[in-house]
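**Student:** curious how this folds, go ahead:
(chains A and B)
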2 protein chains.
Amino acid sequence: MTLPARAQEPGTTTTIHTDGAGAVRRTVLPGGLRIITETMPTVRSAAFGIWSAVGSRDEAPADAGASHYLEHVLFKGTKRRSALEISAAIDAVGGDLNAFTAKEYTCYYARVLDADLPLAVDVVSDMVVASVNRPEDVEAERGVILEEIHMRDDDPGDLIHDEFATALYGDTPLGRPILGTEDSINALSRDRIHGYYRRHYVPSNLVVSVAGNIDHDEVVGLVARAFEPHLTGDAEPAPPRLDGTPVPIDPRRVVIEKDTEQAHIILGGAGVSRTDDRRFALGVLNAALGGGMSSRLFQEIREKRGLAYSVYSYTAQYADSGIFGVYAGCQPAKAEEVLSICRDELDKAVTTGLTAEELERGKGQLRGAMVLGLEDTGSRMSRIGKSELVYESLLPVDEVLARIESVTLDDIRAIAQDILTTPQALTVIGPVSI
Amino acid sequence: MTLPARAQEPGTTTTIHTDGAGAVRRTVLPGGLRIITETMPTVRSAAFGIWSAVGSRDEAPADAGASHYLEHVLFKGTKRRSALEISAAIDAVGGDLNAFTAKEYTCYYARVLDADLPLAVDVVSDMVVASVNRPEDVEAERGVILEEIHMRDDDPGDLIHDEFATALYGDTPLGRPILGTEDSINALSRDRIHGYYRRHYVPSNLVVSVAGNIDHDEVVGLVARAFEPHLTGDAEPAPPRLDGTPVPIDPRRVVIEKDTEQAHIILGGAGVSRTDDRRFALGVLNAALGGGMSSRLFQEIREKRGLAYSVYSYTAQYADSGIFGVYAGCQPAKAEEVLSICRDELDKAVTTGLTAEELERGKGQLRGAMVLGLEDTGSRMSRIGKSELVYESLLPVDEVLARIESVTLDDIRAIAQDILTTPQALTVIGPVSI
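**Tutor:** Predicted coordinates:
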């Protein structure tokens, strides 16, 4: 049973469903703060996360990189804690404290032993609600972000993904890199970062998600105390980012000549959005084309011909758009051959689809990976937190498995024809001129 | 209670100890094959691994890269299965199938749902005992290995670790890269690879380790069937690699001028061997110096001065030697400043040790990370498998925790004086001439 995420009064708790051993529960506090938890009684740990509904696609060109810059600055100190006190608190109990910024959301999380959950709630909530963003800290962190950009630039297997997004979406919020650019980072002032924080980090825009050996009511109490005095007013939780208008794309061909050993290649185009019903069929197609060692691209390019070490296909989903792409790293002199094999395999998928055996194998792959992934508190915390933020409702695991199971060979052919016959972008980094 | 690993007759099973919920059991089969399992009754998955006691340090110069090359070739086909059949079997159930080669061992593993354990045992054992190493497969895989080398070369944050090992250990088995070199890989013939396989992959040189929702006796039965007809004779399990003679080192200073955005730096020297009692003190020292966000190096270089995004210290242990090193990636123009801060911090650790607070925090960090890591079947499989291969006995988790707890400020000062006052190697990749 799924419950529309928004049909709930502030201050009440709903049990959404039970997934295997644990129950998923949801509470909305005054101010519109959502808390979603999943109990896993057989583990001894807990993963605690706070998700903000802001990401790089919310940035005006002048703010490029602000979401990620801010994510860093939130580690630098609160009214009650210095940067050292934040990290020392979690290091002292052997926990993991980290954060990541995506195009459509930002997440701060800690994974700790269950007995240390109150500490994790206190520290992570403090970072998110009481950051001071001191000018000197914003300055110091500017250097760190610039070094993160330089590190990305030094790893072509990483850089190529940012270049590909730009080749597909152009100079738009979805096309620009999450890290920003050297220029945009240098131009961001403390006041602009702080304004961005004040504007976006409000309770109605945040979701707290927790998974592990925890009690929902205890978590709600801890979070309510940690968020004091911000939980006031009758704001509703922010609706998910679902405007339904597909993002127009204008795929380009970009070759970045660089003195690397390998040619790093991504070929791809528009995939499907996060709420598109075809996403399960695309998941199976992706598994069969380039999702594992038995996939067509791996077999043709690596097993049979030994042309690459790393070759895979991947998907990304956004509110109103998505990516399906193929990556390969190979000898520069073999780049044309590798690309031609990739194109052949994509064409074959369009004209003849998959075999019945590949369909079943692809389903088994998605099913097994999903169930294996659910043993980890961090994965469960991510699943429920991200769902709460970006979907109208949380799909129970059994329903996800049923949707995967229901994919047919016709669905595969249809999605292949829909997405692989559209214009494709191509990005290459290396000593080549394709 | 720990039991010396070798005090066991082939064909018998011993319960070594119980770690929390699950028991660790060990059986030696004819031919000297060891099977070690740990039951985790609350999970629904199992991790199955086969460890071989061979790694790159067993290679003569003419065999450089053979252990890793062979690891790849074992995926290419057996008497009963093609490469596609190997990978398709595990993909179909959504499992992870992978392998890695280290300097002193090689491991092949699969993580699957518990019901799929018989399949995993059958497939992984088949790869390890019945590989055919066809000449055409060895040829195709040569290209893959060369691309893996090129990919490593394109990522300076990865390459620097191989360069550092060579700067510390020179042109010796421990100093040479696990991947080999382009020349050594091009020179390795199929017969040489196959001979390496026949020589090293014998039951007495292998350890099977399994963790998860499994039954020891059932695992022994599955493995015995999968290893037929190789389990004959009265060979004893191979003793661990413990010759006790410390490896002589001759640390060098190596600058690789390259047109990268960052200067990638490792400064370090000899650490301690795997059986050295001082390893627990070094673990705490490492945590406090560069093991987390609250560590001295992170605070001084990143938090306060914003000079790096990635900065950390690390340790590696071998049978008779070890490494303690510090990595930082920074602006080339700041490389001298970053190095000077690193040296200051190492000097301070020698002269004044740690504070009582840092000692406690470092212990908490190791303790928490260890306990959190034990929720994962893969980590548990690794712990018991690697222990069986490289130690005289398996240290129970409680004893590891007690050893960490017993570290004193004097122990920290002693280990800092022992290892940080020895000659240090320095490796830099970047547009610098330090």
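**Student:** hey, where'd the helices end up in the stretch 151-300 of chain A?
**Tutor:** A:156-169, A:182-187, A:190-200, A:216-227, A:279-290, A:296-297 (DSSP state H, counting those that start in this stretch).
**Student:** now do the fifth one: distance to the chain's middle.
**Tutor:** To tie it back to what came earlier, the one meant is helix A:279-290. Offset of helix A:279-290 from its chain centre (C-alpha atoms, centre = their mean, to the nearest Å): 18 Å.
**Student:** now mean neighbour count, mean pLDDT and distance to chain B too, for the helices of the stretch 151-300 of chain A, in CSV please.
**Tutor:** For the C-beta atoms, the positions are set from N, CA and C on the backbone; glycine is no exception. CSV is the format used below for the helices of the stretch 151-300 of chain A (neighbours: other C-beta atoms under 10 Å in any protein chain shown; pLDDT from 0 to 100; distance: least, C-beta to the nearest C-beta, whole Å):
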stretch, mean neighbour count, mean pLDDT, distance to chain B
helix A:156-169, 21, 97, 5
helix A:182-187, 15, 97, 10
helix A:190-200, 17, 97, 14
helix A:216-227, 19, 98, 19
helix A:279-290, 25, 98, 8
helix A:296-297, 22, 98, 10
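**Student:** let's have those helices in JSON lines, adding distance to residue A:346.
**Tutor:** What follows is the helices of the stretch 151-300 of chain A, written out as JSON lines (distance: least, C-beta to C-beta, whole Å):
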{"stretch": "helix A:156-169", "distance to residue A:346": "15"}
{"stretch": "helix A:182-187", "distance to residue A:346": "35"}
{"stretch": "helix A:190-200", "distance to residue A:346": "39"}
{"stretch": "helix A:216-227", "distance to residue A:346": "46"}
{"stretch": "helix A:279-290", "distance to residue A:346": "8"}
{"stretch": "helix A:296-297", "distance to residue A:346": "9"}
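**Student:** these: which one's closest to residue B:178?
**Tutor:** helix A:156-169 (19.1 Å; C-beta to C-beta).
**Student:** tell me the angle of the closest one relative to helix B:156-169?
**Tutor:** Angle between the axes of helix A:156-169 and helix B:156-169 is 170 degrees (criterion: axes from the mean of the first three to the mean of the last three C-alpha atoms, to 10 degrees).
**Student:** for helix A:156-169, name the packing helices and strands.
**Tutor:** helix A:135-154, strand A:253-257, strand A:263-270, strand A:322-330, strand A:425-430, helix B:135-154 (3 or more C-beta pairs under 8 Å, 6 or more residues apart in numbering or on different chains; DSSP states H and E).
**Student:** which parts of the last one are buried?
**Tutor:** Spelled out, that is helix B:135-154. B:137-138, B:140-154 (16 or more other C-beta atoms under 10 Å in any protein chain shown).
**Student:** likewise the shortest one?
**Tutor:** If you call a residue buried by 16+ other C-beta under 10 Å, then strand A:253-257 has these buried ones: A:254-255.
**Student:** helices or strands up against that strand?
**Tutor:** Contacts defined by 3+ C-beta pairs under 8 Å, 6+ apart place strand A:253-257 against helix A:156-169, strand A:425-430.
**Student:** could you check how far that strand is from the centre of its chain?
**Tutor:** Between the centre of strand A:253-257 and the centre of its chain there are 26 Å (C-alpha atoms, centre = their mean).
**Student:** mind listing what it pairs with, with the direction of each?
**Tutor:** strand A:425-430 (parallel) (DSSP bridges).
**Student:** between the strand it pairs with and strand A:322-330, how many degrees?
**Tutor:** 30 degrees.
**Student:** what's strand A:425-430 in contact with?
**Tutor:** A:156, A:159-160, A:163-164, A:167-168, A:249, A:251-258, A:260, A:262-269, A:332, A:335, A:339, A:434 (C-beta atoms under 8 Å, 6 or more residues apart in numbering or on different chains).
**Student:** at 7 Å instead, please
**Tutor:** Residues outside strand A:425-430 that contact it (C-beta atoms under 7 Å, 6 or more residues apart in numbering or on different chains): A:156, A:159-160, A:163-164, A:167-168, A:251-256, A:258, A:260, A:262-269, A:332, A:335, A:434.
**Student:** measure residue A:365 to residue B:87 for me?
**Tutor:** 11 Å (C-beta to C-beta, to the nearest Å).
**Student:** show me which of the two is the more surrounded one.
**Tutor:** residue A:365 (27 against 22; other C-beta atoms under 10 Å in any protein chain shown).
**Student:** residues contacting the more buried one?
**Tutor:** Contacts of residue A:365 by C-beta under 7 Å, 6+ apart are A:287, A:291-292, B:91-92, B:94.
**Student:** if we can go back for a sec, turn the helices and strands packed on helix A:156-169 into a markdown table, columns for mean pLDDT and distance to residue B:45.
**Tutor:** Below are these laid out as a markdown table (pLDDT from 0 to 100; distance: least, C-beta to C-beta, whole Å):
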| stretch | mean pLDDT | distance to residue B:45 |
| --- | --- | --- |
| helix A:135-154 | 98 | 34 |
| strand A:253-257 | 97 | 42 |
| strand A:263-270 | 97 | 32 |
| strand A:322-330 | 98 | 28 |
| strand A:425-430 | 98 | 37 |
| helix B:135-154 | 98 | 29 |
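**Student:** make TSV from these and add distance to residue B:241 to it.
**Tutor:** Shown next, in TSV, are the helices and strands packed on helix A:156-169 (distance: least, C-beta to C-beta, whole Å):
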stretch	distance to residue B:241
helix A:135-154	36
strand A:253-257	46
strand A:263-270	38
strand A:322-330	34
strand A:425-430	41
helix B:135-154	25
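**Student:** who wins for proximity to residue B:63 among those?
**Tutor:** helix B:135-154 (13.5 Å).
**Student:** what's that closest one packed up against?
**Tutor:** Under the contact definition 3 or more C-beta pairs under 7 Å, 6 or more residues apart in numbering or on different chains; DSSP states H and E, helix B:135-154 sits against strand A:308-317, strand A:322-330, helix B:66-73, helix B:156-169, helix B:182-187, helix B:190-200.
**Student:** thinking again about what came up before, touching both of residue A:365 and residue B:87, which residues are there?
**Tutor:** residue A:292.
**Student:** residue A:269: what's it in contact with?
**Tutor:** Residue A:269 is in contact with A:168, A:251, A:324, A:419, A:422-425, counting by C-beta under 7 Å, 6+ apart.
**Student:** just residue A:231 next, same as before
**Tutor:** A:29-31, A:33, A:203, A:224.
**Student:** so what pLDDT did residue A:14 get?
**Tutor:** For residue A:14, the pLDDT comes out at 73.
**Student:** oh, I was asking about residue A:245
**Tutor:** According to the model, residue A:245 scores 76 on pLDDT.
**Student:** how near is the nearest residue to it once chain neighbours are set aside to chain B?
**Tutor:** Spatial nearest neighbour of residue A:245, excluding adjacent residues (C-beta to C-beta, 6 or more residues apart in numbering or on different chains): residue A:320 at 5.9 Å. For residue A:320, the distance to chain B (C-beta to the nearest C-beta, to the nearest Å) stands at 30 Å.
**Student:** for residue A:142, see how far away residue A:136 is.
**Tutor:** Residue A:136 is 11 Å from residue A:142, by C-beta to C-beta.
**Student:** measure residue A:130 to residue A:80 for me?
**Tutor:** Look at residue A:130 and residue A:80: by C-beta to C-beta, they are 7 Å apart.
**Student:** report the residue ranges of every domain in chain A.
**Tutor:** A:5-227, A:253-430 (the TED database).
**Student:** okay, those in JSON lines with distance to residue B:215 next?
**Tutor:** As requested, the domains of chain A are exported to JSON lines (distance: least, C-beta to C-beta, whole Å):
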{"stretch": "domain A:5-227", "distance to residue B:215": "18"}
{"stretch": "domain A:253-430", "distance to residue B:215": "19"}
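**Student:** mind checking which of these is nearest residue B:390?
**Tutor:** domain A:5-227 (24.1 Å).
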